[in-house]
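A.B. asks: Here is my input; please provide its structure:
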Amino acid sequence: MTETVVSEVLSEVRGQVGFITLNRPRALNALSLGMVRELMGALLAWQHDDKVLAVAIRGSNKEGPFGAFCAGGDIRFLHQAGSQGNPQLEDFFTEEYALNHLIHNYGKPYIAFMDGIVMGGGMGISQGAALRVVTERTKMAMPETAIGLFPDVGGGYFLSRCPGRTGEWLALTGDTIGAGDAIAVGLADGCLPSDQQVPLWEALGTQQFPGGAAVKEYVATKMVAAEVDATSARAEIDHYFALPTVGAIVQALESASSDWARATAATLRKRSPLMLHVVLEQIRRARAMGLADDLRMERDMVRHCFYLRPGQSETVEGIRALAVDKDHTPRWNPARIEDVTPDMVAPFFASPWPAHAHPLVSLG
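C.D. replies: Sure, this is the predicted structure:
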């Protein structure tokens, strides 16, 4: 009896639209190197195909389509590759960031159906979309500081452009937001009731459209209002997360009287102290950068996350605690926010490559 190998990325053209379904539901569609390559191949093939006016992408869950978009990169692979010196680790980040750049600069409307979990690498393949559609089931986050990493895949670029200091808040805490908050902070364009996704998806493949813009407009007409929740703390977010250092932010939050402030401080105390400092610097540098320069900076940073401190990678340790041993007690080094020095942070922003040899030199 032969086992059928099912592709982790399903792509097809129906009518005038290219359709992509992430098909790794048991892993919440976490991106593998193979998936990154399949996505890139499909998008490059359709980019200059006149029969394809627009692209739509969705995830799947164990019951079928939708329900989960993408939980991020395959962190078990990252742990294995980072622990064993697998060179595919380098390929993964280079090719993933090139894919993120292509999506932001795609010549046709790329419409992301961001149902269910949309985190990390899932944000990387949706934030560059011409239309970012969330549902009442959306759970959105950039939770990388919990695994000793930083919000990559262009996270510096899109989080730094959120209003006020919401970008710093989301990047440092990794807090999860729903549809209304995602729209409020500019990380989604509109909300679609989850039960309308299947009929809309099917309709896109059967309708006739005069051009790509009409495909996007057709989806936009189906959107509804969504409730705002977490960003009701906007004044507090803007106040605390504008402070100059991680130490100052945490100290002020711990001295505050509100339940929100104290809960936020407690969250930050669980994150990698070193990476909190690196992330604050990342977001503030990225505010003045274009996407390509931000992705090049993040490519430098992710190289350092695995190799700057041999045997002491915060990322390998963070993934171990969360997903491998699952003891949820990462041994961060340094262990306290107060023990991180500027000299520990600066090397993350020194590129290991000369500009002409950078792996992302070709990005616009």
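
A.B. asks: Helices of the stretch 51-200 of the chain, start to end?
C.D. replies: 75-84, 88-104, 121-124, 155-160, 166-173, 179-184, 197-204 (DSSP state H, counting those that start in this stretch).

A.B. asks: can you give me the end-to-end distance of stretch 207-215?
C.D. replies: For stretch 207-215, the first and last residues are 9 Å from each other (CA to CA, to the nearest Å).

A.B. asks: what do you get for stretch 171-189?
C.D. replies: End-to-end span of stretch 171-189 (CA to CA): 20 Å.

A.B. asks: do the same with stretch 349-363
C.D. replies: Taking CA to CA, the span from the opening residue of stretch 349-363 to its closing residue is 19 Å.

A.B. asks: chain center to that stretch: distance?
C.D. replies: The gap between the average C-alpha position of stretch 349-363 and the chain average comes to 22 Å, counting by CA atoms, centre = their mean, to the nearest Å.

A.B. asks: Equivalent analysis for stretch 301-321, please.
C.D. replies: The gap between the average C-alpha position of stretch 301-321 and the chain average comes to 19 Å, counting by CA atoms, centre = their mean.

A.B. asks: do the same with stretch 40-54
C.D. replies: Here the centre of mass of C-alpha atoms in stretch 40-54, compared against the chain's by CA atoms, centre = their mean, lies 23 Å away.

A.B. asks: Now do the contacts for residue 254.
C.D. replies: By CB atoms under 8 Å, 6 or more residues apart in numbering, the contact list for residue 254 reads 261-262, 265. C-beta here means a position set from N, CA and C on the backbone, and glycine is covered the same way.

A.B. asks: was I right about residue 122 contacting residue 58?
C.D. replies: No - contact criterion CB atoms under 8 Å: residue 122 and residue 58 do not qualify, at 11.3 Å.

A.B. asks: Now the common contact residues for those two.
C.D. replies: Between them, residue 122 and residue 58 have residue 69 as joint contacts when contacts are counted by CB under 8 Å, 6+ apart.

A.B. asks: Between the two, which is the more surrounded one?
C.D. replies: When residue 122 and residue 58 are compared for neighbours, residue 122 comes out ahead with 29 against 26, by other CB atoms under 10 Å.

A.B. asks: That one: what's it in contact with?
C.D. replies: With contacts taken as CB under 8 Å, 6+ apart, residue 122 has the following neighbours: 29, 31, 59, 69-72, 114.

A.B. asks: try it again with 10 Å
C.D. replies: Applying CB atoms under 10 Å, 6 or more residues apart in numbering to residue 122 gives the contacts 22, 28-31, 59, 68-73, 112, 114, 116, 140-142, 153.

A.B. asks: quick revisit: a markdown table please, covering the helices of the stretch 51-200 of the chain and showing mean pLDDT.
C.D. replies: What follows is these, written out as a markdown table (pLDDT from 0 to 100):
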| stretch | mean pLDDT |
| --- | --- |
| helix 75-84 | 91 |
| helix 88-104 | 97 |
| helix 121-124 | 98 |
| helix 155-160 | 98 |
| helix 166-173 | 98 |
| helix 179-184 | 96 |
| helix 197-204 | 98 |
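
A.B. asks: Just say which of the ones you listed is most tucked in.
C.D. replies: Among these, the stretch with the highest mean neighbour count (mean count of other CB atoms under 10 Å) is helix 121-124, at a mean of 28.

A.B. asks: can you pull the alpha-carbon coordinates of it into CSV?
C.D. replies: Included here for helix 121-124 are C-alpha records, laid out as CSV according to Å, rounded to 0.1, in the frame of the first residue of the first chain:
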residue,chain,number,x,y,z
GLY,A,121,5.5,33.9,9.6
GLY,A,122,1.7,34.0,8.9
MET,A,123,1.9,37.8,9.3
GLY,A,124,4.8,37.8,6.9
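
A.B. asks: Relative to the whole chain's centre, how far out is it?
C.D. replies: Taking the mean C-alpha point of helix 121-124 and that of its whole chain, the gap between them comes to 3 Å (CA atoms, centre = their mean).

A.B. asks: thinking again about what came up before, what is the nearest of the contacts of residue 254 to residue 84?
C.D. replies: Taking CB to CB as the measure, residue 265 is the one of these closest to residue 84, at 36.7 Å.

A.B. asks: Let me know the secondary structure of the residue nearest to residue 57 when sequence neighbours are not counted.
C.D. replies: Of all residues beyond its chain neighbours, the one nearest residue 57 is residue 20 (4.3 Å), with distances taken as CB to CB, 6 or more residues apart in numbering. With DSSP: H, G, I helix; E, B strand; the rest coil as the basis, the three-state label of residue 20 is strand.

A.B. asks: Report the separation between residue 20 and residue 326.
C.D. replies: In this structure, residue 20 and residue 326 are separated by 32 Å, where distance is defined by CB to CB, to the nearest Å.

A.B. asks: If you count surrounding residues, which of those two has more?
C.D. replies: Neighbours were counted for residue 20 and for residue 326 using other CB under 10 Å; residue 20 has more, 22 against 8.

A.B. asks: For the more buried one, give me its contacts.
C.D. replies: Taking CB under 10 Å, 6+ apart as the contact definition, residue 20 lies against 9-12, 38-39, 42-43, 46, 55-59, 110, 112, 125.

A.B. asks: so who does the residue lying closest to residue 327 once chain neighbours are set aside touch?
C.D. replies: Leaving out its chain neighbours, the residue that sits closest to residue 327 by CB to CB, 6+ apart is residue 321, at 5.8 Å. Under the criterion of CB under 10 Å, 6+ apart, the contact partners of residue 321 comprise 146-148, 327-332.

A.B. asks: 8 Å instead, please
C.D. replies: By CB under 8 Å, 6+ apart, the residues touching residue 321 are 327-331.
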